[in-house]
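> turn this into a model:
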Amino acid sequence: MTHPRRDLSFTCSRRAFFRALFQESIVFRGSLQGGQGFRLSDLGNLPDPQLAPIKPMLNPDCEISVDQGHAWSRSKKAGSILRLFPTTKENTLTFDMFTGQHTLEEIGQHLARETGWDETRAFAHARDLFLSLVERQVCFPKDPPVPER
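Numbers count the residues shown, from 1 in each chain. Below you'll find the model as predicted:
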């Protein structure tokens, strides 16, 4: 799974659109007051050093299940079902650490130890899975990314 480096795009319902618009206004207002103004769509363009300290966590609105060799997500509110990814060893090892407790860098290191991959490949896999799940609104960063200096 390779995720292209670009702005992340989101498909959403009208209700989700207005909720996202409200969130964007909060981010904008916070950036005017000196805070960090990051949007989820910005994550796809961030360099690896800024992504590495992010702690991925699951959207509490999503119920995750496994069926037919794939992980699936069902929105508790909308009821929509999405096929997320094949349940391969590397995907499962990575996804199981998206608890908000581990950074992408730590997840990559763990994946490298478990699979025998080099850390660069393992981090890229964790990053790509995370970004693909952010785009599907299944996952998000526990804390905002730190801007590059």
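
> burial count for the residue nearest to residue 102 when sequence neighbours are not counted?
Spatially, and ignoring its direct neighbours in sequence, residue 102 is nearest to residue 55 (6.3 Å; CB to CB, 6 or more residues apart in numbering). In this view, the C-beta of every residue, glycine as well, is placed from N, C-alpha and C. Close neighbours of residue 55, defined as other CB atoms under 10 Å, add up to 17.

> spit out the contact partners of residue 55.
Counting by CB atoms under 8 Å, 6 or more residues apart in numbering, residue 55 makes contact with 100-104, 141-143.

> tell me the pLDDT at residue 45?
On pLDDT, residue 45 comes in at 89.

> helix, strand or coil: sort out the closest residue to residue 40 other than its chain neighbours for me.
Spatial nearest neighbour of residue 40, excluding adjacent residues (CB to CB, 6+ apart): residue 134 at 5.8 Å. Using DSSP: H, G, I helix; E, B strand; the rest coil, the structure places residue 134 in helix.

> tell me who's in contact with residue 134.
Contacts of residue 134 (CB under 8 Å, 6+ apart): 8, 40, 43, 140-141.

> strands of the protein, start to end?
56-58, 62-67, 70-75, 81-86, 139-141 (DSSP state E).

> what would the contacts of residue 134 look like in CSV with neighbour count and distance to residue 90?
Formatted as CSV, the contacts of residue 134 follow (neighbours: other CB atoms under 10 Å; distance: CB to CB, whole Å):
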residue, neighbour count, distance to residue 90
8, 18, 22
40, 21, 24
43, 22, 21
140, 17, 22
141, 20, 21
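
> format those as a markdown table; extra columns: distance to residue 65.
Shown next, in a markdown table, are the contacts of residue 134 (distance: CB to CB, whole Å):
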| residue | distance to residue 65 |
| --- | --- |
| 8 | 24 |
| 40 | 24 |
| 43 | 25 |
| 140 | 20 |
| 141 | 24 |
